[in-house]
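# Quick one, structure for this:
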Amino acid sequence: MEDPQQPLTHEPDLGDTINGAPFYKKKSFIIAIASIIVAIIAVILIIIFVGGKKEEEKDENKYSFKAIYEIKSENENINLINILPHKAQIYSQLTEMKINGEKINPTKNYTFASKGNYTVLFLLDINNADSFSKMFEGIKNLVSINFYQKFNTEKIKYMDYMFRNCESLSFINISYFNTENVIAMNHIFASCTSLTSINLQKLNFNNLQTIEYMFYNSALISADFSNLNFPNLTQMNYMFMDSNNLEHVNFSSMKIPNLVEMHNLFLRCSSIISINLSNIDARKVENMASMFSGCESLSYLNLKNFKTENVKNYI
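Sure thing, here's the model as predicted:
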């Protein structure tokens, strides 16, 4: 047996003692303490996570939307939101804001002291608004925006130019939008050169009249408008023009009974591979000029039951 006062000079085993106590008891004690510490840390992390979730749910129930802005230089002053035309003076109806969890006085622009990503929560009173036209146009620091259910858009008629030239915007959630009264969405995502995908399947387009330049010069990779209903749509010219990342478009069974013009629809979409226009009644369309001009990668085009008997201009 080793001298209990002398340090062990070999790998300890069950017969050894440390300070008079069997080594295996010391080892068990250490393991037990370590397990308790790990359990405490896990509980703390769970509390933090659950607390964060509850805080996030509280924000979703209280605020209109959450936006993230990337600040690239110290003391940078940027627009957070634009003053709107028509009846909608959103700035005057901006009632509450938070930046990274801290309340600030409502403002359409803000100076950030340091670089980094900042989360901004907005509470807007839009009860008397009819337009979101140019709401975020040209705000190059905007990287993400998530509209909450509280943001009631049922009275909105204009969403044209809403996000045009938001060149850093890579994520957007508008699934809660009520668009049943919207008549204009032209240029809404034009020149959003970081936006590669968006889901429009849950939106109501019953009163929409124009989607010209909707995704002009965007980073969209694919677009699915299959089975969507556009009963009052008349214009969709230049819709995807110069969207050089676009590869796949599905318009199959899209309902456009009053569409008149769709010229230059895919103009210079140099990467597009497949387009599905099957089962579309386009009998009122008169102008399809340059519809596929510059689509040098196009290898699949489905025109089955694509009714176009009144088209006058294909060139």
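
# use CA for all of it now, contacts and neighbours both
Noted.

# Show me where the stretch 51-200 of the chain has its strands.
For the stretch 51-200 of the chain, the strands defined by DSSP state E, counting those that start in this stretch occupy 65-71, 76-79, 94-99, 102-104, 109-112, 116-124, 142-147, 171-173.

# Same list (those strands) but as JSON lines, adding mean neighbour count and mean pLDDT.
Shown next, in JSON lines, are those (neighbours: other CA atoms under 10 Å; pLDDT from 0 to 100):
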{"stretch": "strand 65-71", "mean neighbour count": "20", "mean pLDDT": "97"}
{"stretch": "strand 76-79", "mean neighbour count": "15", "mean pLDDT": "96"}
{"stretch": "strand 94-99", "mean neighbour count": "18", "mean pLDDT": "92"}
{"stretch": "strand 102-104", "mean neighbour count": "11", "mean pLDDT": "95"}
{"stretch": "strand 109-112", "mean neighbour count": "14", "mean pLDDT": "96"}
{"stretch": "strand 116-124", "mean neighbour count": "19", "mean pLDDT": "96"}
{"stretch": "strand 142-147", "mean neighbour count": "20", "mean pLDDT": "97"}
{"stretch": "strand 171-173", "mean neighbour count": "16", "mean pLDDT": "97"}
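
# In CSV, list those strands along with distance to residue 260.
Putting the strands of the stretch 51-200 of the chain into CSV (distance: least, CA to CA, whole Å) gives the following:
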stretch, distance to residue 260
strand 65-71, 36
strand 76-79, 38
strand 94-99, 39
strand 102-104, 49
strand 109-112, 41
strand 116-124, 37
strand 142-147, 33
strand 171-173, 30
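
# In contact with residue 254, which residues?
Applying CA atoms under 8 Å, 6 or more residues apart in numbering, we find residue 254 in contact with 225-230, 279-280.

# Low-confidence ranges, this protein, go.
Scanning the chain for pLDDT under 70 picks out the ranges 1-27, 48-58, 83-92, 315.

# And the helices in it?
23-62 (DSSP state H).

# sorry, back to before: out of the contacts of residue 254, who's the most crowded?
Counting neighbours by other CA atoms under 10 Å, residue 280 leads the contacts of residue 254 with 22 neighbours.

# List the contacts of that residue.
Residue 280 neighbours (CA under 8 Å, 6+ apart): 251-256, 305-307.

# Go again with 10 Å.
226-227, 251-257, 303-308 (CA atoms under 10 Å, 6 or more residues apart in numbering).

# and what of residue 235?
Contacts for residue 235 were tallied using CA under 10 Å, 6+ apart; they are 186, 208-213, 256, 258-263, 285.

# now swap in residue 306 and tell me
By CA under 10 Å, 6+ apart, residue 306 lies in contact with 252-253, 276-283.

# change it to 8 Å
Listed by CA under 8 Å, 6+ apart, the contact set of residue 306 reads 277-282.

# How about residue 277?
Contacts of residue 277 (CA under 8 Å, 6+ apart): 250-253, 301-304, 306.

# Those: which two are farthest apart?
By the measure CA to CA, 253 and 301 form the most distant pair in the contacts of residue 277, at 14.6 Å.

# Which of the two has more residues huddled nearby?
A side-by-side neighbour count of residue 253 and residue 301, using other CA under 10 Å, places residue 253 first with 19 against 13.
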